[in-house]
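> Fold the following.
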Amino acid sequence: MISLTRARMLRVVAGAGAVGALSLVEPRRLGPLAHGAYRVGVAAATAALVADSSRYDLPVLDPVRDGVVAGGVTLGLMDVVESFDARMVDALRGLGMTRPRLALAALGAAGTAAVIALPHLGDPDRSWSLREETFGEHAGVPLPSEARALIAALLADAPGAPAPPGAEALREQLETARVLDTGGVGADLQLVVEDPRRLAVPRQQQWPVRGEFLRGGIRYELELQIDGGRLGMLSVMVPDEEPRLEHALSQLASPAFVLPDPDRIALRRETEAP
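Numbers count the residues shown, from 1 in each chain. Coordinates of the predicted model:
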């Protein structure tokens, strides 16, 4: 069913109207203050459109920050934008068009209306959620048993030492954790934890326990990233001081690279000692 909510229709009209109005302006005829206001208006309109569209597509950062970045980039490139705009207008006049800006305004308004409306046609109630888009109800595939065992080893308590903050919550999450299917590209595992009962604190951290192992005479390190209080990613890293760094990285990128057995890693725990 093709339908738009009233709020979305107002956004279509407002966005198309703003772009159309800005397209009617001839910046070459503006004074310094008006020219500056025009540039800010173009950047603001760009920011609003990018932020709005990012709510319905997977954003780079989040909708607001995507919009701010897009607006800033547009403002910085206004000399290029205005130069292209002037060439377009002059070219249309050269073709005999008496009101080239009116034609550009109509095209801009129609394009803007389509950009705002199309994500909603047939799905007017859709709202953006990064975690829902990326990690849906059936997101991910079962976590391989060897990877689960490695993560469990990193989260295990050291004999006679207190558990790092968040360890219990993360061990609980590990029971139901899944992994995104990347098609076998790379050695890193992006973990998915849906609706955990508890979150780890600090919410953002690199787990203070690493696992070291040797493969072909090269030393690798297992690192566990915590994102938003959830198990985030199990990464295989190569230390910067590794003499065969380039070869080690090529091995990591190979589909033949496999994770080590838990009994082949040496745990390295961070301490307060320098």
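> Wait, Ala106 touches Ala21, no?
No. Ala106 lies out of contact with Ala21 (Cβ atoms under 8 Å); the separation is 11.9 Å. For glycine as for every other residue, the C-beta is placed from the backbone atoms N, C-alpha and C.
> for the stretch 101-250 of the chain, what spans make up the helices?
Under the criterion DSSP state H, counting those that start in this stretch, the stretch 101-250 of the chain contains helices at 130-134, 145-155, 167-174, 245-253.
> Report all helices and strands that the last one contacts.
Read it as helix 245-253. strand 218-227 (3 or more Cβ pairs under 8 Å, 6 or more residues apart in numbering; DSSP states H and E).
> And the strand it packs on, what's buried?
Within strand 218-227, the residues that qualify as buried are Ile218, Arg219, Tyr220, Glu221, Leu222, Glu223, Leu224, Gln225, Ile226, counting by 16 or more other Cβ atoms under 10 Å.
> And these, which is closest to Glu246?
Proximity of the buried residues of strand 218-227 to Glu246 (Cβ to Cβ) peaks at Ile218, which lies at 10.9 Å.
> Which strand or helix spans Arg93?
Element membership for Arg93 (DSSP states H and E) is helix 78-94.
> Flag the helix or strand of the chain with the lowest per-element mean pLDDT.
helix 130-134 (a mean of 43; mean pLDDT, DSSP states H and E).
> three-state assignment of the residue lying farthest from the centre of the chain?
Farthest-out residue of the chain from its mean C-alpha position, per Cα atoms, centre = their mean: Gly96, at 45.8 Å. Recorded secondary structure, Gly96: coil (DSSP: H, G, I helix; E, B strand; the rest coil).
> Distance check, Ala149 against Leu234.
Applying Cβ to Cβ, to the nearest Å, the value for Ala149 to Leu234 is 11 Å.
> Nearest residue to Ala110 in space, please, no chain neighbours.
Leaving aside its sequence neighbours, Ala110 sits nearest to Ala16 (Cβ to Cβ, 6 or more residues apart in numbering; 7.3 Å).
> Name the residues of whichever strand or helix holds Gly15 that are buried.
Secondary structure assignment for Gly15, by DSSP H and E: helix 6-24. Neighbour counts over helix 6-24 (16+ other Cβ under 10 Å) mark Arg8, Met9, Arg11, Val12, Gly15, Ala16, Ala18, Val19, Gly20, Leu22, Ser23 as buried.
> if you average pLDDT over it, what comes out?
For helix 6-24, mean pLDDT is 78.
> swap in stretch 39-51?
pLDDT averaged over stretch 39-51 gives 85.
> quick one, what contacts the closest residue to Ala106 other than its chain neighbours?
Distances taken as Cβ to Cβ, 6+ apart place Gly20 nearest to Ala106, at 7.1 Å, with adjacent residues excluded. Gly20 is in contact with Ala105, Ala106, Gly108, Ala109, Thr112, counting by Cβ atoms under 8 Å, 6 or more residues apart in numbering.
> List buried residues within the residues you listed.
By 16+ other Cβ under 10 Å, these give Ala105, Gly108, Ala109, Thr112 as buried.
> out of those residues, who's nearest Pro239?
Nearest to Pro239 among the buried ones among the contacts of Gly20 is Thr112, at 50.3 Å by Cβ to Cβ.
> check contacts around the closest one.
Going by Cβ under 8 Å, 6+ apart, Thr112 touches Gly15, Ala16, Ala18, Val19, Gly20, Leu49.
> and Glu175, how many neighbours?
For Glu175, the count of nearby residues is 9 (other Cβ atoms under 10 Å).
> got a pLDDT number for it?
The model reports Glu175 with a pLDDT of 96.
> What of Leu121?
The score at Leu121 is 50. That number is its pLDDT.
> State which helix of the protein is the longest.
When the chain is parsed with DSSP state H, its longest helix is helix 32-54.
> Tell me the buried residues in it?
For helix 32-54, the buried set under the neighbour-count rule, 16+ other Cβ under 10 Å, comprises 35, 38-39, 42-54.
> Could the C-alpha coordinates of stretch 30-43 be exported in CSV?
Provided in CSV are the C-alpha atoms of stretch 30-43 (Å, rounded to 0.1, in the frame of the first residue of the first chain):
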residue,chain,number,x,y,z
LEU,A,30,23.9,38.7,-3.2
GLY,A,31,25.7,41.0,-0.9
PRO,A,32,28.2,39.7,1.7
LEU,A,33,25.6,39.2,4.5
ALA,A,34,22.9,37.7,2.3
HIS,A,35,25.5,35.5,0.6
GLY,A,36,26.6,34.2,4.0
ALA,A,37,23.0,33.5,5.0
TYR,A,38,22.4,31.7,1.7
ARG,A,39,25.3,29.4,2.3
VAL,A,40,24.2,28.6,5.9
GLY,A,41,20.7,27.9,4.6
VAL,A,42,22.0,25.4,2.0
ALA,A,43,24.2,23.7,4.6
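> Cool, thanks, talk later.
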